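Novice: Structure here, sequence nowhere to be found:
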(Lines give C-alpha, C1' and ligand atoms only; values in the text may rest on other atoms or scores of the structure.)
Protein backbone atom coordinates (compact mmCIF):
# COMPACT_ATOMS: atom_id res chain seq x y z
CA UNK A 1 0.00 0.00 0.00
CA UNK A 2 1.05 3.58 -0.47
CA UNK A 3 0.39 6.91 1.21
CA UNK A 4 -0.70 9.99 -0.74
CA UNK A 5 0.80 13.25 0.53
CA UNK A 6 -0.77 16.40 -0.90
CA UNK A 7 -0.49 20.16 -0.56
CA UNK A 8 3.29 19.96 -0.43
CA UNK A 9 5.58 22.94 -0.74
CA UNK A 10 7.16 23.24 -4.17
CA UNK A 11 10.53 23.40 -2.38
CA UNK A 12 10.24 19.87 -0.92
CA UNK A 13 12.75 17.17 -1.83
CA UNK A 14 12.64 13.37 -1.49
CA UNK A 15 15.09 13.43 1.43
CA UNK A 16 12.83 15.88 3.30
CA UNK A 17 9.90 13.47 3.01
CA UNK A 18 12.04 10.47 3.99
CA UNK A 19 13.13 12.24 7.18
CA UNK A 20 9.60 13.17 8.22
CA UNK A 21 8.06 9.76 7.50
CA UNK A 22 11.01 7.87 9.04
CA UNK A 23 9.77 9.07 12.44
CA UNK A 24 6.87 6.60 12.00
CA UNK A 25 8.74 3.60 10.58
CA UNK A 26 10.75 2.30 7.67
CA UNK A 27 10.40 4.29 4.45
CA UNK A 28 10.73 1.93 1.49
CA UNK A 29 10.16 4.41 -1.30
CA UNK A 30 9.26 8.03 -2.03
CA UNK A 31 7.87 9.19 -5.36
CA UNK A 32 7.85 12.93 -5.92
CA UNK A 33 6.32 13.62 -9.35
CA UNK A 34 7.63 16.57 -11.34
CA UNK A 35 6.16 18.53 -14.21
CA UNK A 36 7.44 17.19 -17.55
CA UNK A 37 8.04 20.60 -19.06
CA UNK A 38 9.39 22.62 -16.13
CA UNK A 39 10.87 19.90 -13.92
CA UNK A 40 9.16 21.57 -10.95
CA UNK A 41 7.68 19.45 -8.15
CA UNK A 42 3.92 19.05 -8.68
CA UNK A 43 2.93 19.50 -5.01
CA UNK A 44 2.16 15.89 -4.08
CA UNK A 45 4.02 12.66 -3.39
CA UNK A 46 3.58 8.97 -2.66
CA UNK A 47 5.34 7.29 0.25
CA UNK A 48 5.60 3.53 0.79
CA UNK A 49 6.41 2.34 4.29
CA UNK A 50 7.43 -1.00 5.78
CA UNK A 51 4.09 -2.01 7.30
CA UNK A 52 0.44 -1.01 7.26
CA UNK A 53 0.73 -0.10 10.96
CA UNK A 54 3.56 2.33 10.18
CA UNK A 55 1.52 3.85 7.37
CA UNK A 56 -1.50 4.24 9.65
CA UNK A 57 0.65 5.94 12.31
CA UNK A 58 2.11 8.37 9.77
CA UNK A 59 -1.32 9.19 8.34
CA UNK A 60 -2.78 9.77 11.81
CA UNK A 61 0.09 12.04 12.85
CA UNK A 62 0.65 14.00 9.65
CA UNK A 63 -2.78 14.56 8.09
CA UNK A 64 -3.56 18.24 8.63
CA UNK A 65 -0.15 18.97 10.16
CA UNK A 66 1.63 22.14 9.10
CA UNK A 67 4.95 21.48 7.40
CA UNK A 68 7.08 23.85 5.33
CA UNK A 69 4.31 26.45 5.62
CA UNK A 70 1.56 24.18 4.23
CA UNK A 71 -1.21 22.07 5.81
CA UNK A 72 -0.55 18.53 4.62
CA UNK A 73 -3.20 16.21 3.21
CA UNK A 74 -2.13 12.67 4.05
CA UNK A 75 -4.19 9.54 3.38
CA UNK A 76 -4.06 6.07 1.85
CA UNK A 77 -3.39 6.32 -1.85
CA UNK A 78 -6.18 5.14 -4.10
CA UNK A 79 -5.25 2.59 -6.76
CA UNK A 80 -4.34 4.19 -10.03
CA UNK A 81 -7.19 4.03 -12.51
CA UNK A 82 -6.38 2.43 -15.81
CA UNK A 83 -6.79 4.87 -18.64
CA UNK A 84 -7.74 3.77 -22.09
CA UNK A 85 -5.72 4.82 -25.09
CA UNK A 86 -5.71 8.53 -25.72
CA UNK A 87 -8.33 9.55 -28.22
CA UNK A 88 -6.82 12.92 -28.81
CA UNK A 89 -8.31 16.17 -27.80
CA UNK A 90 -8.83 19.64 -28.95
CA UNK A 91 -10.21 20.62 -32.27
CA UNK A 92 -7.34 20.00 -34.63
CA UNK A 93 -9.27 20.04 -37.86
CA UNK A 94 -11.37 23.10 -37.13
CA UNK A 95 -9.72 26.12 -38.73
CA UNK A 96 -11.36 28.83 -36.68
CA UNK A 97 -14.93 27.63 -37.15
CA UNK A 98 -17.37 26.54 -34.51
CA UNK A 99 -16.30 23.62 -32.39
CA UNK A 100 -19.87 22.36 -32.09
CA UNK A 101 -20.77 19.14 -33.77
CA UNK A 102 -24.38 18.35 -34.61
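Specialist: Looks like it arrived, so ask away. Given the structure is predicted, the values throughout are model-derived calculations rather than measurements.

Novice: For the helix ranked longest in the chain, buried residues please.
Specialist: Using DSSP state H to define each element, the chain has its longest helix at helix 52-62. Applying a neighbour-count criterion of 16 or more other Cβ atoms under 10 Å, the buried positions in helix 52-62 are 54, 55, 56, 57, 58, 59, 62. C-beta: built from backbone N, CA, C; applies to glycine.

Novice: And stretch 24-35, by the same measure?
Specialist: 24, 25, 27, 30, 32.

Novice: Which of those fall in strands?
Specialist: In strands, defined here by DSSP state E, the members of those are 27, 30.

Novice: how close does the residue lying closest to residue 52 once chain neighbours are set aside get to residue 11?
Specialist: Excluding its sequence neighbours, the residue lying closest to residue 52 (Cβ to Cβ, 6 or more residues apart in numbering) is residue 1, at 6.2 Å. If you measure residue 1 against residue 11 using Cβ to Cβ, to the nearest Å, the figure is 27 Å.

Novice: And the buried residues of stretch 24-35, which is closest to residue 50?
Specialist: residue 25 (5.3 Å; Cβ to Cβ).

Novice: which residues does residue 4 contact?
Specialist: Residues in contact with residue 4 (Cβ atoms under 8 Å, 6 or more residues apart in numbering) are 44, 45, 46, 73, 74, 75, 76, 77, 78.

Novice: element containing it?
Specialist: Under the criterion of DSSP states H and E, residue 4 resides in strand 3-6.
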